[in-house]
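A.B. asks: Here is the input, now give the coordinates:
(2 chains)
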Amino acid sequence: MAKVLIGDIIDSFFFGEGLFRTLSGWEPSRKRGSRICFVAGREGVVVPVRIGGTRSYNDPETAMKCYSSPQPFGETIHNLLASFPDEVWVKPRFLPQELYVGKCYIDVALYPWIEGGQLDWECRRAIHNGRRGSLLAYLRGFLSLALSILEAEWRHGDLKPENILCLPDGSQRLIDCDSLYHPSLPHRGHAGTPIYNHPSRGDAYDSHIDDYAIALIATSLAAHILCANLPEERVLVAHPSEGYGELLAELFAENADLTALLLALNGNDYRIPELHNHIAHLNVYFADYTLP
Amino acid sequence: MYTSQITRSRKGAILLLLDLSGSMAETIIFEGREESKAQALANVVNSLVEEIISRCQKEHFVGDYFDIAIVGYSGTEAVSMLGRSWKSIAEVDQMYRSTRRRFITRTLPDGRKLSTIVESREWIAPQSNGRTPMGKALKMAKRLTSWWCSKHPESFPPIVINISDGEASDASHDKIRQLAKSLCEVGTSDGNVLLMNIHIATGHDSAESVMCFPSESAAVPASRYARLLYDISSTLPEVYNREIGEFAGGQPPYRAICYNAPIDEVVSLLAIGSLTTDRII
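C.D. replies: Residues are numbered from 1 along each chain as shown, chains lettered A, B, ... in the order given. Model prediction:
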């Protein structure tokens, strides 16, 4: 089946509860006029909704993810996720074949609304406003999250700043479990988001699939903390091959772990065998780091 | 080739060429109602523009992943319909000309019918007059894409979608072939312009003559005009294979043509042809 149009999904919300199989008592958050708020992703759209109560629609309590293509392992993945740590994942409730969009039913997942912003957006704002202290806090939060990932038997599978929520307490949570790697799950042919994957990863599906993204995000954030003058557009994609190799090598010269990660990003293998050690060292290093 | 990711610093480009000739005043059935082809085309294009904006919708902004241009051709001219030639998708989001209330009905699998009213934004209005200067439109497309490629030399190349219901009035078949070939020689380091042709069904055409994203290994169309459109349409690169395979079946490579396409399906066809969504990051 071809992907469902976002327009068809959004139109479905104008029918109220009529096109939902089980959900009731919710209202979508709206923009000025009657347009419905949503965020688009590769797998579909996320619509903030309020379920029950009488609070303002500008105070959404649930994020409803509507998938534009079938999720054959959706229930299996979400069942697995239930046993993962709450401090690491925002856990959705999966509702198969929930919303009728004109030609078919599509799957839906309900995410509890968590106060916080996506790492990507938060970092762009911090760089734009020259708040390097905030960036340092985001890096600390990310290194802690990365250690949790590397010490688990699962991997996110599509790790990128848009899939990381920064909470007000400084911690970070993973969202979007659709590409999850777990030894019990079959290879589903999902290759993640290309720019956050090593070119040699292909559609590999193993415990190293987050390595490149972890190294890339950590080094990119570190670069922005160590150098205030990197262009904003390179916020979290300071890929060494895009003209920043020499600058980053110079910035990282005094830190063996950052230098090693930079070399690994430029290497030929998507797997970074010593990644856990490097991240653990960086976690200690940046815990005590003070901005000049 | 055709591997460049579409990012905010390496945008994509979509150019729509719209037949606004007199024959577009003919009526067809669109979304269950009798409409002029011109009205149906305007609805389809407005829906596509909204879909492109939607796919770029981030938490606090419309991600500037695409530039868009729309060229209408009728009488003896081809003219830009969005002000100056190219607009960024974030600009397009802010520049709709009107809104329209649409009455839509969904029939559930159990037969129940539900209806509602949806407000939609509009960027273009229906038009139909004069002849079909497709040759001029192809020339303008070459000028626009050449300029765009010079500004975005490493991007995924522009996708040009020509939507028409009839033959060119200002150029012979050979001339159209020559102009299309010239257009498809324009490109970036990632590949040449992709030209997709959508020929709208009149309602009188037989179902047998419908052809959407055909495999190149399948039989080529018999009619002379369908053959022309087939010949000038690009072979789609690998990045399209999965989505077209799910939509149309068959084996890649696929040709970027939809002939006698049912108008109700055109937005989906356009979305597949223009939004290689897995490449947007």
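A.B. asks: Identify the residues contacting residue A:185.
C.D. replies: A:73, A:76-77, A:80 (C-beta atoms under 8 Å, 6 or more residues apart in numbering or on different chains). Quick note: C-beta positions are derived from backbone N, CA and C, even for glycine.
A.B. asks: Can you report phi and psi for it?
C.D. replies: With angles defined as degrees, to the nearest 10, residue A:185 sits at phi -90, psi 150.
A.B. asks: Looking at it now. What's its pLDDT?
C.D. replies: pLDDT, residue A:185: 92.
A.B. asks: next one: the one 3 residues further on
C.D. replies: For residue A:188, the pLDDT comes out at 79.
A.B. asks: tell me which parts of chain A are close to chain B?
C.D. replies: A:1-3, A:5-7, A:10-12, A:14-16, A:18-19, A:33-35, A:38-40, A:42, A:45, A:100, A:102, A:117-118, A:121, A:193-195, A:233, A:237 (C-beta under 8 Å from any C-beta of the partner chain).
A.B. asks: Which ones among those map onto strands?
C.D. replies: A:39-40, A:45, A:100, A:117-118 (DSSP state E).
A.B. asks: Type out the PyMOL command that picks the buried ones from those.
C.D. replies: Buried residues within those, by 16 or more other C-beta atoms under 10 Å in any protein chain shown, are selected in PyMOL with:
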select buried, chain A and resi 39+40+45+100+117+118
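A.B. asks: any idea how far residue B:20 is from residue A:88?
C.D. replies: From residue A:88 over to residue B:20 the distance is 55 Å, taken as C-beta to C-beta, to the nearest Å.
A.B. asks: Tell me the spacing between residue B:29 and chain A.
C.D. replies: 17 Å (C-beta to the nearest C-beta, to the nearest Å).
A.B. asks: Give the next helix or strand downstream of the helix or strand hosting that residue.
C.D. replies: Assigned by DSSP states H and E, residue B:29 belongs to strand B:27-30. Next helix or strand after strand B:27-30 toward the C-terminus (DSSP H and E): strand B:33-36.
A.B. asks: CA atoms of stretch A:100-115 as CSV?
C.D. replies: C-alpha atoms of stretch A:100-115 as CSV (Å, rounded to 0.1, in the frame of the first residue of the first chain):
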residue,chain,number,x,y,z
TYR,A,100,-10.0,5.5,9.0
VAL,A,101,-8.5,7.9,6.4
GLY,A,102,-10.8,7.2,3.4
LYS,A,103,-9.3,4.1,1.8
CYS,A,104,-8.0,2.2,4.8
TYR,A,105,-7.5,2.2,8.5
ILE,A,106,-4.1,3.4,9.8
ASP,A,107,-2.2,2.7,13.0
VAL,A,108,-2.0,5.2,15.8
ALA,A,109,0.3,5.6,18.9
LEU,A,110,-0.5,7.8,21.8
TYR,A,111,2.4,9.4,23.6
PRO,A,112,2.0,11.0,27.0
TRP,A,113,2.7,14.7,26.7
ILE,A,114,6.1,15.5,28.3
GLU,A,115,7.1,19.0,29.0
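A.B. asks: What are the buried residues along that stretch?
C.D. replies: Buried-residue list, stretch A:100-115, by 16+ other C-beta under 10 Å: A:100-102, A:105-111, A:113.
A.B. asks: I'd like to know the average pLDDT value across that stretch.
C.D. replies: 89.
A.B. asks: Now find how far off-centre it is within its chain.
C.D. replies: 18 Å (C-alpha atoms, centre = their mean, to the nearest Å).
A.B. asks: Would you mind checking which of the contacts of residue A:185 is nearest to chain B?
C.D. replies: residue A:73 (17.3 Å; C-beta to the nearest C-beta).
A.B. asks: distance of the residue lying closest to the closest one once chain neighbours are set aside from chain B?
C.D. replies: Spatial nearest neighbour of residue A:73, excluding adjacent residues (C-beta to C-beta, 6 or more residues apart in numbering or on different chains): residue A:188 at 6.1 Å. Per C-beta to the nearest C-beta, residue A:188 is found 13 Å from chain B.
A.B. asks: which residues in the stretch 1-150 of chain B form helices?
C.D. replies: With helices called from DSSP state H, counting those that start in this stretch, the stretch 1-150 of chain B shows them at B:37-55, B:89-94, B:134-151.
A.B. asks: I should have written the stretch 151-281 of chain B there, sorry.
C.D. replies: B:173-183, B:224-232, B:241-248, B:266-274.
A.B. asks: can you list those helices in a markdown table and add mean neighbour count, mean pLDDT and distance to residue B:59?
C.D. replies: Listed next are these as a markdown table, based on neighbours: other C-beta atoms under 10 Å in any protein chain shown; pLDDT from 0 to 100; distance: least, C-beta to C-beta, whole Å:
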| stretch | mean neighbour count | mean pLDDT | distance to residue B:59 |
| --- | --- | --- | --- |
| helix B:173-183 | 17 | 96 | 37 |
| helix B:224-232 | 18 | 91 | 41 |
| helix B:241-248 | 17 | 80 | 26 |
| helix B:266-274 | 24 | 69 | 22 |
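A.B. asks: Which of those helices sits closest to chain A?
C.D. replies: The nearest among the helices of the stretch 151-281 of chain B, by C-beta to the nearest C-beta, is helix B:241-248 at 3.8 Å.
A.B. asks: Alright, calling it a day.
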